[in-house]
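Trainee: Got a predicted model here, sequence first, then my questions.
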Protein chains: 2
Amino acid sequence: MKYIVIGAVAGGMTAAMKIRRNDDKAEIVVYDKDTDISYSGCSLTYYISGVIENRKSIVPRDSQYFKKFNVDVKTAHEVLRVDTQNKKVIVRDLITGNIFEDGFDKLIIATGAHPVVPKIDGIELEGIFVLRNVKDADRIKMYINSYCPKKALIVGGGYIGLEMAEALKVLGMDVVIIEKQENILPNMDSDMARLVENYLEEKEITVKTSTSVLRFEGDKRVTTAILSDGSRLDVDFVLIAVGVRPSTQFLEGSGIQLLPNGAIKVDEYMRTNIEGIFAAGDCASVYFKLNGKTIYMPLGSTANKMGRIAGENATGGNLKFSGILATSIFKVFDLTVAQTGYTEKTAQQDGIEYEVGHITKPHITTAYPGAEKMTIKALAEVYSRKIIGAQIIGTKGVDKRIDVLATAIFAGLTADNLFQLDLGYAPPFSSAKDPIHYVGMVMSNFLDKRKFNCTQEKLLEKMQKGEDFIVLDVRTPEQYKIKHIKGAINIPLEMIYEKMSELSREKQIIVYCNSGVSSNIAQNILQQNGFRKVYNLSGGISNITLEELLEENNSDSFTSSP
Amino acid sequence: MKYIVIGAVAGGMTAAMKIRRNDDKAEIVVYDKDTDISYSGCSLTYYISGVIENRKSIVPRDSQYFKKFNVDVKTAHEVLRVDTQNKKVIVRDLITGNIFEDGFDKLIIATGAHPVVPKIDGIELEGIFVLRNVKDADRIKMYINSYCPKKALIVGGGYIGLEMAEALKVLGMDVVIIEKQENILPNMDSDMARLVENYLEEKEITVKTSTSVLRFEGDKRVTTAILSDGSRLDVDFVLIAVGVRPSTQFLEGSGIQLLPNGAIKVDEYMRTNIEGIFAAGDCASVYFKLNGKTIYMPLGSTANKMGRIAGENATGGNLKFSGILATSIFKVFDLTVAQTGYTEKTAQQDGIEYEVGHITKPHITTAYPGAEKMTIKALAEVYSRKIIGAQIIGTKGVDKRIDVLATAIFAGLTADNLFQLDLGYAPPFSSAKDPIHYVGMVMSNFLDKRKFNCTQEKLLEKMQKGEDFIVLDVRTPEQYKIKHIKGAINIPLEMIYEKMSELSREKQIIVYCNSGVSSNIAQNILQQNGFRKVYNLSGGISNITLEELLEENNSDSFTSSP
């Protein structure tokens, strides 16, 4: 049996090695137009920043390595065309220029993706880069070493843009990020994305949202970016990081079915529409486990799974992909940003009725040194009570909680189940009640309608509509004085029994504190004393990112609020 | 409604606060004979070592704090008896000596547990301690400050013993741990426990297993421990950490049903056999989720859950406990040791047919600096393919993997599911294929009987029985020379095709490498070339802890093996 694999990175080499493990007699040929193979694409930003010093550690294997397993990896060989009828590929040897044909019994396409480069004036100037493969990283490193750029522009506020913002800042540049959408990290909900924007600004990274580049200017090297807001930005380094497109142009006319964006359409077994032809990794579609819809979401972790499944099934197996939860994680400076499953945005698109909560808790018990708070935004479906999504921002222990939640969502666990999880507890690692347990307790309360919850977006809407309601701040007068929600009245928690008679039982009350714990208690007390429409402000004032909700006071002449 | 809670630590205060949240009008009285309440029992070893500097941070709340919530916590009040017929408790005020009665509608018993103190000569000498509450820790700290002890003996190799071993070592003492059982950490399997023993010895902690204390000697303060192996040990500090017993003596004759060890028998709703009386925390029984059996396993994380459930149900709720997985985790020096679900030992007791595997993988991608290996021992049930247990030892990222596995086991996920989990991947946090994914792949292979696996215990048994089989080392000759399994022959992986004809196809072959990756490949090659009885040595030679299996060579005059 002759197997051809096109592409020698995550999906391709995983498939090739799985074929070898399953079939010792197989003939396996892998073509890749690059000369670096089997590299860690997700490590490139760390190679540029110098955190990863050694090029070899991100490209640990070469063709020679795979020879040991009798897998013939031909680098600098571009597959020009696939002849699905005659089961052969047409290949150009990029060194000699020779073009030849090679027949296969089974074909696995794993050509990955390439960066989108917007067609704007000046895009071809020196100093403007994309980052996708090791040679891109080499080019960037060489340019930085040669010209010591000082003013960097990153076009695109996704996670590659943000990782690079850190790398370039560490290398001594001023960094501006521009993002076309209203917020960076368009895959997250905007309230969470804004927390990251605020953090970046603390780190002296300039973030401009709802902004794009009109053109670049410069003589030979880029010197200026003209932005859609009319401003001119001095720049001597530009990274374009506005997404990727599947590298499947060579398949046009092959009969292999592609999605509108060019991704190869595969089923759960990594089969294309053509018998004997499989696809895996960033060139192919995946499906979102929670709604079964075919989407394009290229990620290294998924590529590895797809490669193994393609290899298994190409050798006669029957391994079915369970689909993705769109789990992602990245680090920017000390902040970890992670998400899994539905966001509010995507849940609304699917018409799902959900409850949402914001839980801010330390990653370990506060008795132990080094405890750091994280904010978890969780979604639970009203009908099934299942946890369907989570977004987490924090400095420590975020990776653990997103993986536990991804596992819980995969398994279809409910909010009620989360509280019951028997997680490992010792002071260096967690709290007796882990943030995960709090997510369970809080979401169960919301689902039971024991508790009503109000997001900052809903609060703003109510204000803008001019609804008649009470906003109640239960923190100390000192905290209230520094910053509070517009129009809020202040009754510290310990005075709530004494002063509740001043509140109208007829009106909606939106109660808040710093992160939601004291306001939760106040909400309880009010509810049990006949106040029936009491809402807790999700995440408290510390997670408010809509500036228009806040009234801040830095002067001494502050006078008490209504 | 009048609620009495006995015990003001994890289970008790969680119950009291849950009652308050559910019933604003409830009268709640909490009795505790101690004056420290609501403390973090799991932090005590860190308070002794000085990692946690401030006593206040492990006892952050006092009676005053709970007054705010109208919860009346009476410290230094010992409940002497419960009169279940007349619904009242008989209480002694430990300050005044007054004895009084107090009636209840609902009672929650959360009196915790106390250390077992063996009845041996000299146990009452100064310098011999137990560690359970904050006053125990105060006493230990004061003694260490006053007498600067140099030679510590820890009786009991459980996790408190090990955490204290680190604390005392850090404080400058020589430390000996003795354990009555064959291995320390009797709740783990012995192969994993031995890895910890080896590590402790690297840290210059002496570990004596299968050993107990016959008596202590000394004038006023302890100076000598006489051990069961006949040795006399000079000691000036002794910690007794041989387990705890439920603090329920005061319930004898009350009619409340107790287990033989004294634990209060509760159902999934934390109800005792007496209407209106609940129990929670270390004084009560729990049940093991995987077999439904009632057991005694006191843990802080469980106590918190039980307290909340008791509080909820005492106020008319219907919250059912899902049971425990016996998940535990602790740190000793840089090592993290964790487990969840079944061990081989407990699976065998329950007659479960399981597959077992040892997976050694780095906690993050090796390209990124700081990657550290961990060893995961996983169990999967043959019939259901479910993951039923895991034990992990490593220096980093262990807490994440044990929590993901605990979640997976809770949810009933199979080995096949584990490979499919969409976990978060970025180089600072994990690998594209996480250790969890490898657990899934390896265990699926074992369950499919695509791969046969052999533990070191089985290998030793085969050797001792004199069975005729081949042990094959596929590492380099240099590695082989330093250390190998007794009687092993050495064929490096790259020579396997060339030399396989030298091996008998009739005999069982047990193949190994360092941690199982190369031997897995060799196993594949051999299987596909007609060798049908090829076993992989689980975890490789790096996880071998049975010394009698090894042949080590430190001399230069080494000659080649068979």
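Mentor: Perfect, I can see it now. Numbers count the residues shown, from 1 in each chain, chains lettered A, B, ... in the order given.
Trainee: quick one: A:Ile108 and A:Cys283 touch, right?
Mentor: No - judged on CB atoms under 8 Å, A:Ile108 makes no contact with A:Cys283 at a distance of 10.5 Å. The way it works is simple: take the backbone N, C-alpha and C, and place the C-beta from them, glycine included.
Trainee: So between those two, which is more surrounded?
Mentor: Using other CB atoms under 10 Å in any protein chain shown, the more surrounded residue of A:Ile108 and A:Cys283 is A:Ile108, with 33 against 30.
Trainee: wait, is A:Gln527 part of a helix?
Mentor: Yes - note on A:Gln527: a helix contains this position according to DSSP: H, G, I helix; E, B strand; the rest coil.
Trainee: Check the closest residue to it other than its chain neighbours and give its pLDDT.
Mentor: Setting aside the residues directly before and after it, A:Gln527 is nearest to A:Val534 in space (CB to CB, 6 or more residues apart in numbering or on different chains), at 5.4 Å. Per-residue pLDDT puts A:Val534 at 90.
Trainee: Tell me what A:Val534 is bridged to.
Mentor: A:Ile509 (DSSP bridges).
Trainee: mind listing what it touches?
Mentor: For A:Val534, the contact set (CB atoms under 8 Å, 6 or more residues apart in numbering or on different chains) comprises A:452, A:508-509, A:511, A:523, A:526-527.
Trainee: Check what pLDDT the one residue in the stretch 151-300 of chain A that gets nearest to chain B gets.
Mentor: Distance from chain B to each residue of the stretch 151-300 of chain A (CB to the nearest CB) is smallest for A:Gly300, at 4.8 Å. Here, the pLDDT recorded for A:Gly300 equals 93.
Trainee: swap in A:Gln528?
Mentor: Reported pLDDT for A:Gln528: 82.
Trainee: okay, now whichever residue of the stretch 1-150 of chain A sits closest to chain B: neighbour count?
Mentor: Of all residues in the stretch 1-150 of chain A, the one sitting closest to chain B is A:Asp24 (3.5 Å; CB to the nearest CB). Per other CB under 10 Å, the neighbour tally for A:Asp24 reads 15.
Trainee: same check, this time on the one 5 residues further on
Mentor: By other CB under 10 Å, the residues close to A:Val29 number 19.
Trainee: Quick one: the helices in the stretch 51-200 of chain A, in order.
Mentor: Ranges of helices in the stretch 51-200 of chain A, per DSSP state H, counting those that start in this stretch, are A:55-58, A:63-67, A:134-147, A:159-170, A:190-202.
Trainee: What is the fourth one packed up against?
Mentor: What that stands for is helix A:159-170. Identification of packing neighbours for helix A:159-170 by 3 or more CB pairs under 8 Å, 6 or more residues apart in numbering or on different chains; DSSP states H and E yields helix A:44-49, strand A:151-155, strand A:174-179, helix A:190-202, strand A:237-240, strand A:328-332.
Trainee: any chance of these in TSV, with mean pLDDT too?
Mentor: Output for the helices and strands packed on helix A:159-170, formatted as TSV (pLDDT from 0 to 100):
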stretch	mean pLDDT
helix A:44-49	96
strand A:151-155	98
strand A:174-179	98
helix A:190-202	95
strand A:237-240	98
strand A:328-332	97
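Trainee: Out of the ones you listed, which is closest to A:Met495?
Mentor: helix A:190-202 (30.3 Å; CB to CB).
Trainee: mind listing what's buried in the closest one?
Mentor: Neighbour counts over helix A:190-202 (16 or more other CB atoms under 10 Å in any protein chain shown) mark A:190-197, A:199-200 as buried.
Trainee: returning to that earlier point: so who does the residue of the stretch 151-300 of chain A closest to chain B touch?
Mentor: Contacts of A:Gly300 by CB under 8 Å, 6+ apart are A:10, A:40-42, B:425, B:432.
Trainee: Drop anything exposed from the residues you listed.
Mentor: A:10, A:40-42, B:425, B:432.
Trainee: now, among those residues, which is nearest to A:Glu457?
Mentor: Among the buried ones among the contacts of A:Gly300, B:Tyr425 lies closest to A:Glu457 (CB to CB), at 30.6 Å.
Trainee: Can you classify the closest one by secondary structure?
Mentor: Under three-state DSSP, B:Tyr425 comes out as coil.
Trainee: Hmm, B:Leu526 and the residue of the stretch 1-150 of chain A closest to chain B touching each other?
Mentor: No - between A:Asp24 and B:Leu526 there is no contact under CB under 8 Å: 9.4 Å.
Trainee: what ranges do the strands span in the stretch 451-562 of chain A?
Mentor: Secondary structure of the stretch 451-562 of chain A (DSSP state E, counting those that start in this stretch): strands at A:452-454, A:469-473, A:483-485, A:489-490, A:508-512, A:534-537, A:550-552.
Trainee: Out of the contacts of A:Gly300, which comes closest to A:Gly316?
Mentor: Nearest to A:Gly316 out of those is A:Ala10 (CB to CB; 23.0 Å).
Trainee: show me what contacts that closest one?
Mentor: Shown in contact with A:Ala10 (CB under 8 Å, 6+ apart): A:38, A:41, A:110, A:281, A:300, A:303-304, A:307, B:432.
Trainee: what's the burial count for A:Tyr159?
Mentor: As a burial measure, A:Tyr159 scores 22 neighbours (other CB under 10 Å).
Trainee: State the number of residues packed around the residue in the stretch 201-350 of chain A that chain B sits nearest to.
Mentor: Shortest the stretch 201-350 of chain A-to-chain B distance, computed as CB to the nearest CB: residue-wise this is A:Ile329, at 3.4 Å. Residues lying near A:Ile329 (other CB under 10 Å) number 24.
Trainee: With adjacent residues omitted, what lies nearest to the spatially most central residue of chain A?
Mentor: Closest residue to the average C-alpha location of chain A: A:Ser328 at 4.3 Å, with CA atoms, centre = their mean. Excluding the flanking residues, the one nearest A:Ser328 by CB to CB, 6+ apart is A:Gln339, at 5.9 Å.
Trainee: So what's the residue count around that neighbour?
Mentor: Based on other CB under 10 Å, the number of other residues close to A:Gln339 is 26.
Trainee: helix, strand or coil for it?
Mentor: strand.
Trainee: That one is in contact with A:Asn187, isn't it?
Mentor: Yes - counting by CB under 8 Å, A:Gln339 does reach A:Asn187; the two are 6.9 Å apart.
Trainee: what do those two both touch?
Mentor: Counting by CB under 8 Å, 6+ apart, the common neighbours of A:Gln339 and A:Asn187 are A:326, A:328.
Trainee: Please verify my assumption that A:Asp62 contacts A:Asp34.
Mentor: No - with contact defined as CB under 8 Å, A:Asp62 does not reach A:Asp34; the gap is 11.7 Å.
Trainee: Have a look at those two and say which one is more surrounded.
Mentor: Comparing A:Asp62 with A:Asp34 by other CB under 10 Å, the one with more neighbours is A:Asp34, at 18 against 15.
Trainee: So which bits of the stretch 151-300 of chain A are right by chain B?
Mentor: Residues of the stretch 151-300 of chain A lying close to chain B by CB under 8 Å from any CB of the partner chain are A:159, A:289, A:299-300.
Trainee: Check those and tell me the two furthest apart.
Mentor: Pairwise distances across these (CB to CB) peak at 20.9 Å, for the pair A:Tyr159 and A:Lys289.
Trainee: got a pLDDT number for A:Gly450?
Mentor: Rather than Gly, residue A:450 is Arg. Value for A:Arg450, per-residue pLDDT: 77.
Trainee: how much distance is there from stretch A:22-31 to the middle of the chain?
Mentor: Relative to its chain's centre, stretch A:22-31 lies at 35 Å (CA atoms, centre = their mean, to the nearest Å).
Trainee: same question, stretch A:70-77
Mentor: For stretch A:70-77, the distance to the chain centre is 33 Å (CA atoms, centre = their mean).
Trainee: can I get the CA coordinates of it in PDB?
Mentor: Output in PDB follows, covering the C-alpha atoms of stretch A:70-77 (Å, rounded to 0.1, in the frame of the first residue of the first chain):
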ATOM      1  CA  ASN A  70      11.100   4.200   6.900                       C
ATOM      2  CA  VAL A  71       9.100   7.400   6.200                       C
ATOM      3  CA  ASP A  72      10.400   9.200   3.200                       C
ATOM      4  CA  VAL A  73      10.100  13.000   3.800                       C
ATOM      5  CA  LYS A  74      10.900  15.000   0.600                       C
ATOM      6  CA  THR A  75      11.300  18.600   1.500                       C
ATOM      7  CA  ALA A  76      11.500  21.400  -1.000                       C
ATOM      8  CA  HIS A  77       8.900  19.500  -3.100                       C
END
